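K.L.:
Quick one, structure for this:
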Amino acid sequence: MEDATGQLICRHDLVKLMNNKSTHDQLGDRAMTLRSLPGRRVVVQRVDGASLTEAARDVAVVDRSYFYPGMVVASASDRGGGQLGVVTGAATALDLCDEEGVVVASGVPTAEVRRVRELCLGDYVVVASGWLGRVVEQDLDVDVLFDGGAAVCRVTRADRKLSTLQKDYCLNRHTNSCFYPGQRVLESAGGVFWASRWLKGYWKPTYVEGTVSKVQTATVKVHWVASSSSSLEDELHVQTPPPVHQLLDNLTFFCPGDELNIWGAGDRCFFRNTCSSSSNAVSNNPLFERAMRVTNIGTTVDVMWQDGSRQCGMPSVSLIPSRTVAHDFFPGQRVIVRAPAVAAAAADDDDDGANNHAARVGVVRSFSCDDQTLRVVVEESAQEMEFSAYNVGINDSNDAFYGNIVVRRRQPTMDASNNDLSWVGKIVDLSSDVGVKWGDGTTSKVSLDEIAIVKHTGVGQMLQEIGRREATSSAANALYSVTTRMTKWVGAFVQAVFRLVTSKVLAQDRRYHLEAAIAEASSSSDDEVAGTDDKEEETSDVVEKRMPKTDANNDIFNFPQFDVVQSPSDHHYLDTKELEGTAGGSRMWTKRVQKEWKILKNDLPAGTIYVRAFEDRMDLLRATMVGACGTPYHDGLFFFDLHLPSSYPDSPPQVSYRSFGLRVNPNIYESGTVCLSLLNTFGGDGTELWSPESSTLLQVLVSIQGLVLTAQPYYNKAGYAIQAGTPVGHRNELPYNENAYLLTLQTLLHLLRRPPSGFEDLVRDHFRRRGRYVLRACHAYLEGECLVGTLDAEANATEASLERPCSAGFRLALANIVPRISEALIDIGAQGAHRIIITSTPRSWGYRSFGLCVNPNLYESGTVCLSLLNTFVSDATELWSPGTSTLLQVLVLTAQPYYNKNGYMIQAGTPVGHHNKLPYSKNTYLLTLQTMLHLLCRPPLGFEDLVGDHFRRRGRYVLRACQAYLGGGCLVSIVDAEPNVTETISERPCSAGFCLALANIVPRIAEALIDIGAQG
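P.N.:
Predicted structure coming up:
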């Protein structure tokens, strides 16, 4: 929803009311957005607390105060369609007024004010024993004044006992108190004031309403997260944390919980320095200090963008909150880079598909969201290299990020008191090592080994954990109390008798249950045998004759779409056995399963879904579906194991996907879990949920194929459907599709190696028929002109294919896996696969060096370092391109090889470069002459004639060049083809050392050339 200026309206935005008709105009025209409504309307809250509904065109966004370090943002101008950024710092200033609307101060930093409530939910606090915790709950004591100050009472836990007269809505209950000085309150129930403590005067029956004069925090509930003496999470369970309930005086504030620390219009606050003149101006009431109201907010933000650039002091309205996808990275993040070809091979050896082979750790320098490539400084070599985003993952063991709360690892000399905050800090920089601002105000660079990152947890989750702990503790205390009372009132002899009797009763009870279980199992076994005979009669009309196996040389695909066979040994639910038998239970259950079998046999979509039922385990099924064209899953196979519980059809079937550790879809997890409304594993209502009367297994399978394996799986994520058609959706849908296709290809490799039992023929025959289309699609994508998931059934481009090209990072990742795909398809005899040659990667090059390094890019080992060969760091435009690169482009040697060294190009034209290039060129020429001698002695096979003929024709020019250099007046390489001295002869003479070394090798050169009959 957009405002009057076209700016996107977000929750908690500060907006200007364009048509301000309130009677409280003296409080300004600012309001805070609370929620959006249909019809392009928005609910806002004014400074005076009134809630209004305004048309979106009648408001204008003026500030966003909710940005905090570590929050992901996008530029408001492109609405998240371009690169993302991470907030590294934010500063907020407030304009304040009194209750009458008189301006008190403007541009006040938030550090100079305090809210009515001393702490906010989520704030980090430290206790004297050296523990760090987060505030999850507070109890407030409120002093209520009567008769103009003649009587005052203190109401404890006031939020449960008092209600307000004014409808002053609380913007954010995490940060704001519902009570403030000057507010009129009354009892929520009779007797509250009477039962309270009276600080002044005494209770009267007429005291039913009063004025709040003071609000203070009595007790704080704290969730403890780290200790100064043991920062490791696994060691925290060994130590005993402080009590959950703490007095405010025992706590030291460290920093706010940024995601909850929102300032809004109408928030009330006080100056921290109560002696300031500004504060005195507000405290004009002799009975109590009145709070100020926030009338306007100004926020500036510092941002680190994905491309590595920084911007400081940006207006908050120039940014919008955003979310990352799986392959978004930011500078400073620690990542794991995997060599795709090696990693994929290693994955074949891992049962779960997960591996860490050939992994390298590095630090991100920049990320291109358009190319899906990132530049990473690899730690082992300190070299900056470029990788595909699809081959990189976050290093979970060192996942440091901006805004993370950290603690120093245990240090014996540390003074852990509530005044010493040097052991707890917040990450403020990741450019080199980790920059941490500590609680004592100092900032330092540390390594990841020196700190432990505090795990972030929501307030609700922390309250649940505290509740579980308190419940456990209460049970333990109750047991201890009972034991203590028994010990007091019962003697040792009575206790012994009690234990003896109890043990006998328990033993008899165990024997009774054991005998009952045996009898029940025996009865169940007899019923199962009888039930099996009935099922064989009833299922005879379902089991059809098995089709013959497909002939390897036959193009006809003869795999039945539905069949009933024996259960496989690799079924996910094979060990799931109900009490009433291994293959179901009642006759009604069996009839329902038979009905499902008939539906599957008759109505499965032709050629896209294949199902196997099992006569010895009627509760199990296995299904596979073919990825549809026009999706990133085209030509892939996806296997699902199903289980029908004894409660079926009252409860839906259980479904598990064979994932090989890969998450190909937002609704299909690595664990195999399938999230679908029809399975009651995903949100939904009405017809979307399982219905015992109308839902069927066929409906489940078709829903997975049509609703899960879709053309745009990115929008399957919960809440992401609203992004469809927006710049954010347009930005994120392509990388998700590209990654889904890469995972589909990896699944293909796993299936060819380990096909599910009973589907070996299907896997082999499917990829024999469709293999050439898989390779044709890969070729189209590698050319870079086709959008992933837009090809037709024969892998030809469609109109949608030309809307947007593939990213460079995707092509780089695809190029690494295609050779293995091609090899695997050729091995199974895929039709036409051997005729599709994909130059997905540059050819492997090896230089015949004879142990000599003649160039910075030609190693003694024979390695050739060149961007075009993807063996040297460079921009994506200089890397190998399957569509345009040729072998001819590779064969290049330069006149100034010194500048080929990594990073030395910046020396060109400088005194340093001028000083160093000549010695390198002279040494290169000497090594070239040595290489010539080696070639004359041992010419490569097949090139003997070329070597001999070349040096016969050019031998005299080699010797003439040597003679010119030995004269000392010629600069190395400054001769023409004859060779004659060029105009640059006098630029710089050869050194005496070079002439001496050349004089030692020239006789051997001359002798070798004469031996082969060099001309002249």
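
K.L.:
which stretches of the stretch 251-400 of the chain have low pLDDT?
P.N.:
258-260, 274-286, 339-359 (pLDDT under 70).

K.L.:
how about 50 then?
P.N.:
For the stretch 251-400 of the chain, the stretches with pLDDT under 50 are 276-281, 341-357.

K.L.:
With the stretch 501-650 of the chain instead?
P.N.:
Within the stretch 501-650 of the chain, the segments meeting pLDDT under 50 span 501-555, 579-584.

K.L.:
any idea where the helices of the stretch 651-800 of the chain begin and end?
P.N.:
For the stretch 651-800 of the chain, the helices defined by DSSP state H, counting those that start in this stretch cover 697-703, 727-753, 760-782.

K.L.:
other SSEs contacting the second one?
P.N.:
Spelled out, that is helix 727-753. The contact analysis (3 or more Cβ pairs under 8 Å, 6 or more residues apart in numbering; DSSP states H and E) places helix 727-753 against helix 340-349, strand 637-643, helix 760-782, helix 808-827. Where C-beta positions appear, they are placed from N, C-alpha and C, glycine not excepted.

K.L.:
Which positions within it qualify as buried?
P.N.:
By neighbour count with 16 or more other Cβ atoms under 10 Å, helix 727-753 contains the buried residues 728-729, 731-752.

K.L.:
Quick one: residues in contact with stretch 207-217.
P.N.:
Applying Cβ atoms under 8 Å, 6 or more residues apart in numbering, the contact partners of stretch 207-217 are 116-119, 138-146, 149, 151-153, 158, 165, 177, 179-187, 193, 248, 287-288.

K.L.:
Are any of these buried, and if so which?
P.N.:
For these, a neighbour count by 16+ other Cβ under 10 Å gives the buried set as 116-119, 138-146, 151-153, 158, 177, 179-183, 185, 187, 193, 248, 288.

K.L.:
Count the residues that sit near the nearest residue to residue 777 once chain neighbours are set aside.
P.N.:
Once flanking residues are discounted, residue 777 sits nearest to residue 795: 4.2 Å by Cβ to Cβ, 6 or more residues apart in numbering. Applying other Cβ atoms under 10 Å, we find 21 other residues in the vicinity of residue 795.

K.L.:
Quick one: neighbours of the residue lying closest to residue 372 once chain neighbours are set aside, just the number.
P.N.:
In this structure, residue 372 finds its nearest non-sequential neighbour in residue 809, 3.1 Å apart by Cβ to Cβ, 6+ apart. Using other Cβ under 10 Å, residue 809 has 28 neighbouring residues.

K.L.:
so of the contacts of stretch 207-217, which ones are in helices?
P.N.:
residue 193 (DSSP state H).

K.L.:
re earlier: can you redo the helices and strands packed on helix 727-753 as CSV with distance to residue 565?
P.N.:
Formatted as CSV, the helices and strands packed on helix 727-753 follow (distance: least, Cβ to Cβ, whole Å):
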stretch, distance to residue 565
helix 340-349, 27
strand 637-643, 14
helix 760-782, 12
helix 808-827, 27
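
K.L.:
So which of those is nearest residue 950?
P.N.:
Nearest of these to residue 950, taken as Cβ to Cβ: helix 808-827 at 35.1 Å.

K.L.:
can you give me the mean pLDDT across the closest one?
P.N.:
Helix 808-827 shows an average pLDDT of 89 in the prediction.

K.L.:
List the buried residues for that helix?
P.N.:
808-818, 820-822, 824-825.

K.L.:
returning to that earlier point: do you know which of the helices and strands packed on helix 727-753 lies nearest residue 942?
P.N.:
Using Cβ to Cβ, the helices and strands packed on helix 727-753 put helix 808-827 closest to residue 942, at 25.9 Å.

K.L.:
name the helices or strands packed onto that closest one?
P.N.:
Packing contacts for helix 808-827, counted by 3+ Cβ pairs under 8 Å, 6+ apart, involve helix 340-349, strand 373-378, strand 383-388, helix 727-753, helix 760-782.

K.L.:
Send over it as CSV, restricted to the C-alpha atoms.
P.N.:
What follows is helix 808-827, C-alpha atoms only, in CSV (Å, rounded to 0.1, in the frame of the first residue of the first chain):
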residue,chain,number,x,y,z
ALA,A,808,26.2,-15.8,-14.1
GLY,A,809,26.4,-17.6,-10.8
PHE,A,810,23.9,-20.2,-11.9
ARG,A,811,25.8,-20.8,-15.1
LEU,A,812,29.0,-21.2,-13.1
ALA,A,813,27.4,-23.7,-10.8
LEU,A,814,25.6,-25.6,-13.6
ALA,A,815,28.9,-25.8,-15.6
ASN,A,816,30.4,-27.7,-12.6
ILE,A,817,27.7,-30.4,-12.5
VAL,A,818,26.9,-30.9,-16.2
PRO,A,819,29.9,-33.1,-16.9
ARG,A,820,28.8,-35.6,-14.3
ILE,A,821,25.2,-35.4,-15.5
SER,A,822,26.3,-36.1,-19.1
GLU,A,823,28.6,-39.0,-18.0
ALA,A,824,25.8,-40.6,-15.9
LEU,A,825,23.3,-40.4,-18.7
ILE,A,826,25.7,-41.8,-21.3
ASP,A,827,26.5,-44.7,-18.9
